[in-house]
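K.L.:
Would you be able to build a 3D model of this:
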Amino acid sequence: MRANWQQIEIAGKIADIFEPAQEPRFGILHLHGYGLTTLRDKTVFTQLFDELDVACVCPHGQRSWWGDRICREFDESITPEHYLLSEVLPFFRQRWGIEERTIGLQGISMGGQGALRLAFKHPKRFPVVAGIASALDYHDRYGEGSPLDEMYDSKEQCRQDTAILHLHPSHYPPHIFFCVDPSDATWFRGNDRLHEKMAALGIPHEIDFTTQAGGHSWDYFNHMAGRVVRFVYEGLGIESRKLL
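P.N.:
From the prediction side, this is the model:
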């Protein structure tokens, strides 16, 4: 079987999935950014998934910020978080026999903050998480006419739902990585603030805030692909040995 991307439906919603040539040992759940671009046409990510024989699912989440709030653009009755937990995670098992804790979580920009927040809220289900240029201070976009204005009653309510405020001092994923281009003026401070809090709490994590490769752009996202995908893969390998 040749490795390939397919577009399918999971519980009535579109997702792009990467099917490796060999039976996958691990899976990656990737959350896309505000521009709605998945990894389907991103060669550098595809080559990594192919090399590592990793299955990847990229759900289409619209501009929902991947939270546990109703976003009508996504769905009028189910939140994005609930959809990921109740429909997408079981899909890994149904399709490839991949169980929870052998699924890594990663995302870019809007998806990066979504991945970190989801893993912070559910560390037992997501032991490995990575965020690329994560849009952590997304509450600053409140009031600009985006779906956030319907999802939250105020900017402060929105801020209270950000990833940094879901970080627990004693319950967290054992493998955390996030990175941001130092020239990414919009989102750098939020990443640095998360790093400061995690360092103060003594929470192990890895960062890259020095690599400069195009700011908040696909040049940077692609440049960091190898570091991120290999981090997720290696973290899942460590966790899988714990399960033996």
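
K.L.:
drop to CA atoms for contacts and neighbour counts, all remaining ones
P.N.:
Fine.

K.L.:
quick one: secondary structure of Leu39?
P.N.:
When states are read from DSSP: H, G, I helix; E, B strand; the rest coil, the local structure at Leu39 comes out as coil.

K.L.:
what about it, how many neighbours?
P.N.:
20 (other Cα atoms under 10 Å).

K.L.:
and it, how far is that from Leu105?
P.N.:
As for Leu39, its distance to Leu105 is 14 Å (criterion: Cα to Cα, to the nearest Å).

K.L.:
for whatever helix or strand Ile207 lives in, packing partners?
P.N.:
Here Ile207, judged by DSSP states H and E, is contained in strand 206-208. Helices and strands touching strand 206-208, as assessed by 3 or more Cα pairs under 8 Å, 6 or more residues apart in numbering; DSSP states H and E, comprise strand 175-179.

K.L.:
For the strand it packs on, which strands pair with it and how are they oriented?
P.N.:
Each strand that pairs with strand 175-179, with its direction, by DSSP bridges: strand 128-132 (parallel), strand 206-208 (parallel).

K.L.:
and after the first one, which helix or strand comes next?
P.N.:
If you walk from strand 128-132 toward the C-terminus, the next helix or strand you reach (DSSP H and E) is helix 148-151.

K.L.:
For that following helix, which outside residues touch it?
P.N.:
Here helix 148-151 makes contact (Cα atoms under 8 Å, 6 or more residues apart in numbering) with Ser64, Arg69, Ile70, Cys71, Arg141, Tyr142, Gly143, Cys158.

K.L.:
Report the rounded mean pLDDT for it.
P.N.:
Per-residue pLDDT values across helix 148-151 average out to 97.

K.L.:
who's in contact with Tyr138?
P.N.:
For Tyr138, the contacting residues are Met110, Arg159, Thr162, taking Cα under 8 Å, 6+ apart as the criterion.

K.L.:
Where does the prediction get shaky in this protein?
P.N.:
1, 243-244 (pLDDT under 70).

K.L.:
Mind doing that once more with 50?
P.N.:
Under the criterion pLDDT under 50, no range of the chain is flagged.

K.L.:
How far away from the center of its chain is the host helix or strand of Arg193?
P.N.:
Assigned by DSSP H and E, Arg193 falls within helix 188-201. Once both centres are worked out by Cα atoms, centre = their mean, to the nearest Å, helix 188-201 turns out to sit 18 Å from its chain's centre.
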